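Student: pasting a predicted model and its sequence here:
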Amino acid sequence: MISSNFGNDLALDLRSLFDDKNSGAEANNQVKNLQSKPIADNLTLMNEIQAILRECSHLNPEQRLLYCQSQRYFMKLYLREVNKQG
(Lines give C-alpha, C1' and ligand atoms only; values in the text may rest on other atoms or scores of the structure.)
Protein backbone atom coordinates (compact mmCIF):
# COMPACT_ATOMS: atom_id res chain seq x y z
CA MET A 1 0.00 0.00 0.00
CA ILE A 2 1.10 3.51 -0.69
CA SER A 3 0.81 6.06 2.05
CA SER A 4 0.82 9.80 1.71
CA ASN A 5 1.30 12.37 4.40
CA PHE A 6 -1.16 15.28 4.34
CA GLY A 7 -0.08 17.59 7.13
CA ASN A 8 -0.26 15.56 10.32
CA ASP A 9 -2.80 13.03 9.03
CA LEU A 10 -1.70 9.79 7.44
CA ALA A 11 -3.82 8.78 4.45
CA LEU A 12 -3.66 5.28 3.01
CA ASP A 13 -4.19 4.56 -0.66
CA LEU A 14 -6.58 1.60 -0.62
CA ARG A 15 -6.83 1.27 -4.40
CA SER A 16 -4.40 -1.64 -4.32
CA LEU A 17 -6.96 -3.64 -2.33
CA PHE A 18 -9.49 -3.38 -5.16
CA ASP A 19 -7.32 -3.48 -8.29
CA ASP A 20 -7.15 -7.23 -8.78
CA LYS A 21 -10.15 -9.49 -8.21
CA ASN A 22 -7.82 -12.41 -7.42
CA SER A 23 -6.31 -10.50 -4.51
CA GLY A 24 -9.40 -10.94 -2.32
CA ALA A 25 -7.63 -13.47 -0.12
CA GLU A 26 -4.66 -11.13 0.20
CA ALA A 27 -6.97 -8.27 1.21
CA ASN A 28 -8.64 -10.49 3.81
CA ASN A 29 -5.24 -11.40 5.24
CA GLN A 30 -4.28 -7.72 5.47
CA VAL A 31 -7.50 -6.90 7.29
CA LYS A 32 -6.97 -9.78 9.74
CA ASN A 33 -3.41 -8.62 10.40
CA LEU A 34 -4.63 -5.09 11.12
CA GLN A 35 -7.27 -6.42 13.50
CA SER A 36 -4.85 -8.63 15.43
CA LYS A 37 -2.25 -5.88 15.90
CA PRO A 38 -4.11 -4.06 18.73
CA ILE A 39 -4.52 -7.37 20.55
CA ALA A 40 -0.81 -8.10 20.38
CA ASP A 41 0.08 -4.51 21.33
CA ASN A 42 -2.19 -4.54 24.38
CA LEU A 43 -0.83 -7.91 25.49
CA THR A 44 2.73 -6.62 25.14
CA LEU A 45 1.94 -3.51 27.20
CA MET A 46 0.29 -5.60 29.93
CA ASN A 47 3.34 -7.86 30.11
CA GLU A 48 5.71 -4.89 30.27
CA ILE A 49 3.71 -3.28 33.08
CA GLN A 50 3.68 -6.61 34.96
CA ALA A 51 7.46 -6.83 34.61
CA ILE A 52 7.82 -3.31 36.00
CA LEU A 53 5.61 -4.14 38.97
CA ARG A 54 7.52 -7.36 39.62
CA GLU A 55 11.05 -6.02 39.24
CA CYS A 56 10.90 -2.44 40.56
CA SER A 57 10.92 -2.64 44.33
CA HIS A 58 11.67 1.08 44.68
CA LEU A 59 8.13 2.08 43.65
CA ASN A 60 6.03 3.61 46.40
CA PRO A 61 2.42 2.42 46.91
CA GLU A 62 0.99 5.34 44.93
CA GLN A 63 3.20 4.57 41.93
CA ARG A 64 2.31 0.88 42.14
CA LEU A 65 -1.37 1.82 42.15
CA LEU A 66 -0.93 3.92 39.01
CA TYR A 67 0.84 1.04 37.24
CA CYS A 68 -1.91 -1.36 38.33
CA GLN A 69 -4.58 1.00 37.01
CA SER A 70 -2.73 1.24 33.69
CA GLN A 71 -2.44 -2.53 33.53
CA ARG A 72 -6.17 -2.87 34.23
CA TYR A 73 -6.95 -0.41 31.43
CA PHE A 74 -4.90 -2.37 28.89
CA MET A 75 -6.40 -5.64 30.13
CA LYS A 76 -9.87 -4.26 29.42
CA LEU A 77 -8.83 -3.20 25.92
CA TYR A 78 -7.24 -6.60 25.30
CA LEU A 79 -10.32 -8.52 26.45
CA ARG A 80 -12.65 -6.24 24.49
CA GLU A 81 -10.70 -6.93 21.28
CA VAL A 82 -10.54 -10.68 21.95
CA ASN A 83 -14.29 -10.78 22.52
CA LYS A 84 -14.92 -8.87 19.27
CA GLN A 85 -12.99 -11.50 17.31
CA GLY A 86 -14.92 -14.45 18.46
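Tutor: Received it, and whenever you're ready, just let me know what you need.
Student: please enumerate the strands of the protein.
Tutor: Taking DSSP state E as the criterion, the chain carries its strands at 2-6, 9-13.
Student: which of those has the lowest average pLDDT?
Tutor: Lowest mean pLDDT within those: strand 2-6, at a mean of 46.
Student: okay, now the residue nearest to residue 53 when sequence neighbours are not counted: neighbour count?
Tutor: Among residues not flanking residue 53 along the chain, residue 67 sits closest, at 5.4 Å (C-beta to C-beta, 6 or more residues apart in numbering). C-beta here means a position set from N, CA and C on the backbone, and glycine is covered the same way. Residue 67 has 15 neighbouring residues, counting by other C-beta atoms under 10 Å.
Student: so what's residue 67 up against?
Tutor: By C-beta atoms under 8 Å, 6 or more residues apart in numbering, the residues touching residue 67 are 49, 52, 53, 59.
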